[in-house]
Each structure stands twice: as C-alpha cells, then as structure tokens.
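# This is the structure alone, sequence omitted:
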C-alpha cells in the first residue's frame, strides 16, 4: 500500500461522523447504533463488533473510549462528540488497513 493511500484511509478513519442519538430528548448516546458499526466497517473494509460503556451522556466535546474487534484483535475506538445532539466522530488510532 502506498503512503498516499494509507494517509487517505487514516483521514477517513479519523473523520467519520455518525448520529448516535435517537431523538433530541435522549440523554445518552445510542452506542448500539448500527450506523456506528456500519461506518467503521465501511472505512476499514472489515467486519467489526463495537463495545462501548453503557450510559455515555450526550455532551459536546466528550471523548469516550470504546473497543472495536475484527474477530481476531481488539482495537481502541475513540468517540468524540461533535455537538450536543449525539453526533460523533470516531477514530481507531491502532488500526492499520491491510494491504490490498
């Protein structure tokens, strides 16, 4: 994999935004949202299982640590809340996309 492709993948893994609040009256993130898993799987090209702490409060700027697992290894998954509506950006700092 060339450096340009790797940099592009890292940027995608660092900038995906996913809505995790069911509605504006929700006070905690819906970390079981299929949108989060789908976003990660689309960016990584791998099937992933996501595990997060329960009852993460919705709070702009709050960073929460979760785990993504591809069936063989756990990866750190950081969720950063972009607003007070439950939209998050995520990144997996220790995940390296396999060469194609």
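Yes, it's here. As the structure is a computational prediction, the values presented were derived from the model and not from experiment.

# Please name the nearest non-neighbouring residue to the residue positioned nearest the centre of the chain.
When the chain is reduced to its mean C-alpha position, the closest residue under CA atoms, centre = their mean turns out to be residue 90, at 3.7 Å. If the residues on either side of it in the chain are set aside, residue 90 comes closest to residue 79, at 5.2 Å by CB to CB, 6 or more residues apart in numbering. Where you see a C-beta, it was placed from the backbone N, CA and C, and this is true even at glycine.

# which phi and psi does the one you found have?
Comment: the main-chain dihedrals of residue 79 come out as phi -100, psi 130, following degrees, to the nearest 10.

# who are the neighbours in contact with it?
The contact partners of residue 79, by CB atoms under 8 Å, 6 or more residues apart in numbering, come to 20, 29, 31, 52, 56, 63-66, 88-90.

# Go ahead and build a PyMOL selection from the buried members of the residues you listed.
To isolate the buried members of those in PyMOL, using 16 or more other CB atoms under 10 Å:
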select buried, resi 20+29+31+52+56+64+66+88+90
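
# of all the contacts of residue 79, which comes closest to residue 43?
Each of the contacts of residue 79 was scored against residue 43 by CB to CB, and residue 90 proved nearest at 8.9 Å.

# Report the strands that pair with the helix or strand encompassing the closest one, each with its relative direction.
Using DSSP states H and E, residue 90 maps to strand 87-91. Strands flanking strand 87-91 in the sheet, each with its direction: strand 16-19 (antiparallel), strand 74-81 (antiparallel) (DSSP bridges).
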